[in-house]
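> the sequence and its predicted three-dimensional model are supplied below.
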Amino acid sequence: MTPPHEGDSGRAPLIGRRRVLTQALRAAPLALLAGCAQSTDARLHRLIETERERRRAASAAAMQAGEASPTSRSGVVLNEEAWSFERTPGRVFETANFRVFSTLDDAELIRRLPAFLEHSLLRYRESITPLPAPPGKLVTYAMGSRTEWASLTRQLMGERAALYLKINRGGFAAEGKGVYFDLGPRDTLAVAAHEGWHQYTQAVFAHQLPIWLDEGLSAWHEGVRWDREHGAVFMPWGNEQRFDRLTDVVVRDTLLPLNDLLNTRPQDLIETSSEATLDYYAQVWALAHFLNEAQNGLYRPVLESMLIAGANGELFTRIGDAFGRRAVFLARTRRTGSEPLLAYLDGRDASVVGAHYEEFVRHAVRPGARRHILKGHSPIL
């Protein structure tokens, strides 16, 4: 699950009718979610629908000419056919490991997504430690608007939909399916990378990871830049939104002690505060980096072992051997607690680990460190 994203609010304003309409197209569903449908100007709706039809026509023409689907020519897309959702035309395409149902109408995003998903999966399996392949194709829904996404979410999740519908900008993964919508090429791919990790672990791991590690690694995988020549370039530190939020947490002196962070669930925060949710994701993002590289890689074997144990179905056995049945119950149900981490720390003092984590975070966001983030580099020198 991903929380609301700040999006592009810090960038220079866009000008021109087409760009203004594009912004309106993405903003309108947020107004509907906030209960403002009755105050939305009817003319704006007509303009939005006109723009969407223009984009669909442009995408269709580009696809027919081969301009928007170099992935097909390179063999990434193995099969493609027409599909529709509630009268909205779309496509379903298959790659080696994904089956994607889409009503996207952005030609550039349609061009990028198939190869991006495959590259992301390869990264999940190889970036930290070798992990197994999924047993079948991962089903993904990439919708053209939040309105379509919300309707699909109600269909897929039934009585559980209410929690997911609190997400204004982002997406979710459940039962191995990824469900998200168009936020523009950059943010949509970041959400795809985040939810793709959840899809992968839900489909492959015999024992689900503690939620702080699962969400932390999902955010860790968000760092991606698109290079027109080489495609997706993954840079785990290249995530300005998470970094800036983490910096804000430190400045406000609201950094959670490690034990408190390990006992927090994002779904509980979403119910009460989007701000607290954003703080949480920034901190578990930092925790993933901490486990990967802090103290000259001291904790990386812990991270590798937990991933392998989760995939192989040995995680809960290790927790039970160290802390008993109640700890296993919490790890299976709430997926919280410090016990999963402590079980792999081989007797290290938890307070020392917590101090190392806080020191790592404060060093990462020190004055001047943001220049490293903008380059996609680690600020840990």
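Cool, the structure landed. Here the structure is a predicted model, which means the values were calculated and not measured.
> which one is Q283 nearest to, not counting chain neighbours?
L261 (5.6 Å; C-beta to C-beta, 6 or more residues apart in numbering). To be clear about C-beta, it is placed using only N, CA and C from the backbone, and glycine gets the same treatment.
> burial count for that neighbour?
If you count neighbours by other C-beta atoms under 10 Å, L261 ends up with 21.
> what's the answer for S305, then?
17.
> show the contacting residues for it.
For S305, the contact set (C-beta atoms under 8 Å, 6 or more residues apart in numbering) comprises Y344.
> what's the spacing between it and A206?
15 Å (C-beta to C-beta, to the nearest Å).
> repeat that for R225.
In terms of C-beta to C-beta, R225 sits 34 Å off from A206.
> domain map for this protein?
According to automatic domain parsing, the chain comprises the domains 17-204, 240-374.
> could you export the ones you listed as a markdown table, including distance to A232?
Formatted as a markdown table, the domains of the chain follow (distance: least, C-beta to C-beta, whole Å):
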| stretch | distance to A232 |
| --- | --- |
| domain 17-204 | 5 |
| domain 240-374 | 17 |
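> of all these, which lies closest to W220?
Ranking these by proximity to W220 (C-beta to C-beta) places domain 240-374 first, at 4.1 Å.
> mean confidence score for that closest one?
In this model, domain 240-374 has an average pLDDT of 95.
> could you tell me the end-to-end distance of that domain?
7 Å (C-alpha to C-alpha, to the nearest Å).
> circling back: select, out of the domains of the chain, the one closest to E215.
Using C-beta to C-beta as the measure, domain 240-374 is the one of these that comes nearest E215, at 5.0 Å.
> what's the closest non-adjacent residue to R99?
K137 (4.5 Å).
> what is the neighbour count of the one you found?
For K137, using other C-beta under 10 Å, the count is 15.
> likewise for D253?
Around D253 there are 6 residues (other C-beta under 10 Å).
> if I look at it, how far off is W226?
Distance from D253 to W226, by C-beta to C-beta: 36 Å.
> circling back to that earlier point, relative to F234, which of the domains of the chain is closest?
Taking these one by one with C-beta to C-beta, domain 17-204 is closest: 5.5 Å.
> mind listing what's buried in stretch 84-95?
F85, T88, G90, R91, V92, F93, T95 (16 or more other C-beta atoms under 10 Å).
> which of the residues you listed lies closest to S151?
F85 (7.8 Å).
> can you check what pLDDT the model gives that closest one?
97.
> next one: Q38
So, for Q38, pLDDT stands at 30.
> what does the one 4 residues further on give?
As summarised for this prediction, A42 has a pLDDT of 46.
> before we move on, back to that, contact partners for the residue nearest to Q283?
Contacts of L261 by C-beta under 8 Å, 6+ apart are W212, Y280, Q283, V284, L287.
> one more: L258?
If you count contacts by C-beta under 8 Å, 6+ apart, L258 has them with L287, S338, A350, V353, G354, Y357, E358.
> if we use 7 Å, what do you get?
V353, G354, Y357 (C-beta atoms under 7 Å, 6 or more residues apart in numbering).
> going by distance to D182, which of those residues wins?
Nearest to D182 among these is Y357, at 35.9 Å by C-beta to C-beta.
> can you tell me the SS state at the closest one?
Under the three-state scheme (DSSP: H, G, I helix; E, B strand; the rest coil), Y357 adopts helix.
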